[in-house]
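Visitor: fold the stuff below for me.
(one chain, ligands or ions: 1)
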Amino acid sequence: MRFTCNNWNPIKSWRPVKKVGLMVHAKITGTGSAVPDKVLTNNDIEKLVDTSDEWIITRTGIKQRHIAAEGEYTSTFATRAAENALQMAGVKPDELDLIVLATVTPDFPFPATACLVQNNLRASKAAAFDISAACSGFLYGLAMVEKFIRTGAARKALVIGAEVLSRIVDWTDRNTCCLFGDGAGAVVVEASEDEKGILSTHIHSDGSYWDLLYQPGTGNRNPAVRKTLDEKLIYINMQGNEVFKLAVRAMEEAALEALAANNLSGSDINIFIPHQANRRIIDAIGKRLGLNGEQVFVNLERYGNTSSASIPLALDEANRSGKIKDDDIILFDAFGGGLTWSSALVRW
Ligand code: ACO
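Guide: So this is what the prediction gives:
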C-alpha cells in the first residue's frame, strides 16, 4: 500500500507485533541469492592491468567474478535474492515485519536501499533500513534481527547482504580490481518455538583501523565534486597486507568466541561458512580451528569478494546444493572494513 498525506495516520497504522513466550527462537527458514549474468574472468582482468590468472589464483583463489550491467543496481540483486528466500520460506512479502539490508554500495546515499527493496517486494508492513559494516554487514544484520525476534518485536524478517562493488573499484589498480564482485544473498528469519535456529551471534569493531580499508569519497569529507573524481577518491582504498593479517586473527577470535559460547569445538561444526575474501585467509582460519576441508564451504573462486553478500550467497549455494542437513551446526565468520568482525552459530 502506498501512503498518501490524506490517508496516513501514523498512530492508527502502528500495530504492536504479537508477543510470544519467552522461549522464542530466531530460525532461518529460507535462503536466496542473485548475481549479475555478466562474468569477468581473470583473463579479462589481464587485459585491464598488469596481472596474471596465475597470480590472482595463487594469492586469492579467485577465478572469476560477476559484474552488474548498466541498469542493474544493488536493489536489483537484493530484491531477487529476497524473492528467492521468501519463496523457499513460504512467506508472503506482506507478512514481513522487518527488512534489514547490509551494504556499502547503496543505490543512493538515502533513502535506504532496504526501502527500495521493500517497495519492489510490496512488503507494505515491514520497517526497512540499511546497515553499514562492510563485509561483516550480513552477520551484523543477522545479530540485530535475532534480537528483534527474540524480544517479540518482530515475527518475520528479511536480512539481506547486497553489493555492486564494481562501481567503486578502480579498474586500473591491480591491487584491488581482481578481488571484488557483485551480487546479493538473503535469508528469511522467523520466530519459532523450535530449539533450532540461531544459537548465538557476536559482533565487534575497532575504529582505530578505519583507514586500512575504506572509500575516501563521496561522503561529506570528500563530497562528490570534480576533485574527488580526479583524485580517484571514489574507489576502494585498501592496505591488503595489513588487512590480511588482522582478518586471520579477528576471524579466529570470533569463531572461537561462538564455539565457547555454545560449549562446542571445531569438530562439532558440520559446515563453516566464512566471509569469502581470500582462499588463504579461509585456509589459515580453518587450520587454526582444526577443521578439515569437508567442513569448510568455499565459493569465492566464482564470485570474488562480494562483501556483505558473500556469506548469504555461500549459505544459499550450500543450502540449495543439499550440502546442509537437518540439525547441522553451521558456523559463520566475517571480517571487514571498519574494522568489523562477527560470528554466528546456527543449528539448522
Ligand atoms: N597482480 C600481480 N601483482 C600484484 C597484484 C596483481 N593483481 N596485486 C598486487 N600485486 C603485487 C604488489 O604490487 C606487490 O608487488 P611489490 O612487492 O613489487 O610491491 C606484490 O604483488 C605483493 O603484494 P601484497 O599486497 O603483499 O600481496 P598479498 O600476498 O598480501 O596479496 C591481497 C594481496 C590479495 C590483497 C591480500 O593482501 C588480501 O587478500 N588481503 C585481504 C583482503 C580482505 O580480506 N579484505 C577483507 C575485507 S574486504 C571489505 O571489507 C570490503
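Visitor: got any ranges where this protein has weak pLDDT?
Guide: Where the chain drops to pLDDT under 70, the residues are 1-22.
Visitor: can you show me the helices along it?
Guide: 10-13, 42-46, 53-60, 74-89, 113-121, 137-150, 226-230, 240-261, 279-288, 300-303, 310-320 (DSSP state H).
Visitor: point to the residue nearest the middle of this protein.
Guide: Central residue of the chain (Cα atoms, centre = their mean): Ser308, 2.7 Å from the mean position.
Visitor: how much space separates it from Leu142?
Guide: Distance, Ser308 to Leu142, by Cβ to Cβ, to the nearest Å: 11 Å. In this view, the C-beta of every residue, glycine as well, is placed from N, C-alpha and C.
Visitor: one step back: relative to the ligand, which of the helices of the chain is closest?
Guide: The ligand lies closest, by Cβ to the nearest ligand atom, to one member of these: helix 240-261, at 2.9 Å.
Visitor: which strands or helices does the closest one pack on?
Guide: Applying 3 or more Cβ pairs under 8 Å, 6 or more residues apart in numbering; DSSP states H and E, we find helix 240-261 packed against strand 197-205, helix 279-288, strand 329-336, strand 340-347.
Visitor: returning to what we had before: Leu179 is nearest to which of the helices of the chain?
Guide: Evaluated with Cβ to Cβ, those place helix 53-60 nearest to Leu179, the distance being 6.4 Å.
Visitor: can you pull the buried residues of that closest one?
Guide: 53, 56, 59-60 (16 or more other Cβ atoms under 10 Å).
Visitor: could I get the residues you listed as JSON lines with distance to the ligand?
Guide: Output for the buried residues of helix 53-60, formatted as JSON lines (distance: Cβ to the nearest ligand atom, whole Å):
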{"residue": "Asp53", "distance to the ligand": "10"}
{"residue": "Ile56", "distance to the ligand": "6"}
{"residue": "Arg59", "distance to the ligand": "5"}
{"residue": "Thr60", "distance to the ligand": "5"}
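Visitor: just put those residues in TSV and tack on distance to Asn299.
Guide: Shown next, in TSV, are the buried residues of helix 53-60 (distance: Cβ to Cβ, whole Å):
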residue	distance to Asn299
Asp53	18
Ile56	16
Arg59	18
Thr60	13
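Visitor: domain ranges for this structure?
Guide: Structurally, the chain divides into domains by automatic domain parsing as follows: 10-195, 199-347.
Visitor: who touches the residue of the stretch 51-200 of the chain found nearest the ligand in this structure?
Guide: Closest approach of the stretch 51-200 of the chain to the ligand (Cβ to the nearest ligand atom) occurs at Thr51, with a separation of 3.2 Å. Taking Cβ atoms under 8 Å, 6 or more residues apart in numbering, we find Thr51 in contact with 42, 45, 174, 178.
Visitor: report how many residues lie close to the first one.
Guide: So that's Asn42. Using other Cβ atoms under 10 Å as the criterion, Asn42 is surrounded by 20 other residues.
Visitor: who in this structure is up against the ligand?
Guide: Neighbours of the ligand within the chain, by Cβ under 6 Å from any ligand atom: 51, 55-56, 59-60, 134-135, 174-175, 178, 213, 240-241, 243-244, 247, 277-278, 281, 305, 307, 335-337.
Visitor: which of the residues you listed are buried?
Guide: The neighbour-count test (16+ other Cβ under 10 Å) marks 51, 56, 59-60, 134-135, 174, 178, 213, 240, 243-244, 247, 277-278, 281, 305, 307, 335-337 as buried among the residues of the chain next to the ligand.
Visitor: ok, which pair from the contacts of Thr51 is furthest apart?
Guide: The distance between the two most remote of the contacts of Thr51 (Cβ to Cβ) is 11.6 Å, for Asn42 and Arg174.
Visitor: and stretch 179-193, how far out from the chain middle?
Guide: Mean-position distance between stretch 179-193 and its chain equals 7 Å (Cα atoms, centre = their mean, to the nearest Å).
Visitor: okay, buried residues for it please.
Guide: For stretch 179-193, a neighbour-count test (16+ other Cβ under 10 Å) marks 179-192 as buried.
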